[in-house]
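A.B. asks: Got a predicted structure plus its sequence, pasted below:
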Amino acid sequence: MYPESLKDLIEGFKLLPGIGEKTAERLAFYILAIDEEKADFFSKSIIEAKHKLHKCSICSNITDEEKCNICSSNTRDNKTLCIVEDCRSIFLFEKTGSFKGYYHVLDNLISPLDGINPEDIGIEKLVKRIENSSFEEIIIAVKPSIEGETTSLYIKKILEGLNVKVTRIASGIPLGADIEYIDSLTLERALIDRKEIE
């Protein structure tokens, strides 16, 4: 029905998460409707991102330099390290402006059902980094799921002999949420992480 190049464009959009046939068609026709300069900018930005961005040699965040801007900074708190599961988490924390330490991105979360074992999450790089630094607190900030819990417990066990405090970000019921719609795992975590009212 469509010319071959338009079909390819639609198929390209369908590679994106959450994009189905209809949305892909709408996006493809939008690209055809915009002026050539914007279309060139869009395609060039995709190619440049794929070619220039790579993992930071220290923390595995994405960067176009050898070290990301966070690892390159000497104004951050060198006593705290926050372990996250992906680069997007770093940007979320940075938007809040509440964390001033450094980050470390795991290669994955432990999930034996998906074939992801402890040796697949890049733990050696993390341990070596902690051994060669002055971190006093390691904050684990991964999603509150079975995989996140398993990964958190494994990291805590691995770091036991390194004289660092291992903490985890609080999880539980979001502000403004209706308690009847909270799943049992979130409710259980909220009870475990309860705090005294000040």
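C.D. replies: Ah, there it is.
A.B. asks: Surely Arg189 is in contact with Ser171?
C.D. replies: Yes - contact criterion C-beta atoms under 8 Å: Arg189 and Ser171 qualify, at 4.9 Å. Any C-beta I mention is one placed from the backbone N, CA and C, and that applies to glycine too.
A.B. asks: what residues are shared contacts of the two?
C.D. replies: Pro144 (C-beta atoms under 8 Å, 6 or more residues apart in numbering).
A.B. asks: Show the contacting residues for Glu65.
C.D. replies: Contacts of Glu65 by C-beta under 8 Å, 6+ apart are Ser72.
A.B. asks: Let's verify it: helix, strand, or coil?
C.D. replies: In three-state terms, and counting by DSSP: H, G, I helix; E, B strand; the rest coil, Glu65 is coil.
A.B. asks: show me the contacts for the nearest residue to Ile179 once chain neighbours are set aside.
C.D. replies: Residue nearest to Ile179 in three dimensions, not counting chain neighbours: Ile173, with 6.6 Å by C-beta to C-beta, 6 or more residues apart in numbering. When contacts are counted by C-beta under 8 Å, 6+ apart, Ile173 touches Ile179, Ile182, Thr186, Leu187, Ala190.
A.B. asks: Show me just the buried residues among those.
C.D. replies: Ile182, Thr186, Ala190 (16 or more other C-beta atoms under 10 Å).
A.B. asks: so what's the residue most central in space within the chain closest to, chain neighbours aside?
C.D. replies: Centroid check for the chain by C-alpha atoms, centre = their mean gives Asp86 as the closest residue, at 2.1 Å. Leaving aside its chain neighbours, Asp86 sits nearest to Val105 (6.4 Å; criterion: C-beta to C-beta, 6+ apart).
A.B. asks: Does that neighbour touch Cys82 like I think?
C.D. replies: No - taking contacts as C-beta under 8 Å, Val105 lies outside contact range of Cys82: 9.9 Å.
A.B. asks: And the helices in the protein?
C.D. replies: 4-14, 21-33, 36-52, 69-72, 87-96, 123-131, 146-158, 184-192 (DSSP state H).
A.B. asks: between the ones you listed, which gets the lowest average pLDDT?
C.D. replies: Ranked by mean pLDDT, these bottom out at helix 184-192, with a mean of 79.
A.B. asks: How is the protein divided into domains?
C.D. replies: Domain assignment for the chain by automatic domain parsing gives 4-52, 68-192.
A.B. asks: How far does the shortest one stretch from one end to the other?
C.D. replies: The one in question is domain 4-52. End-to-end distance of domain 4-52 (C-alpha to C-alpha, to the nearest Å): 30 Å.
A.B. asks: Could you do stretch 159-170 as well?
C.D. replies: Distance across stretch 159-170, first residue to last, is 20 Å (C-alpha to C-alpha).
A.B. asks: Equivalent analysis for stretch 57-67, please.
C.D. replies: Stretch 57-67: ends 6 Å apart by C-alpha to C-alpha.
A.B. asks: So which bits of it are buried?
C.D. replies: Within stretch 57-67, the residues that count as buried by 16+ other C-beta under 10 Å are Ile58, Cys59, Ser60, Asn61, Ile62, Thr63.
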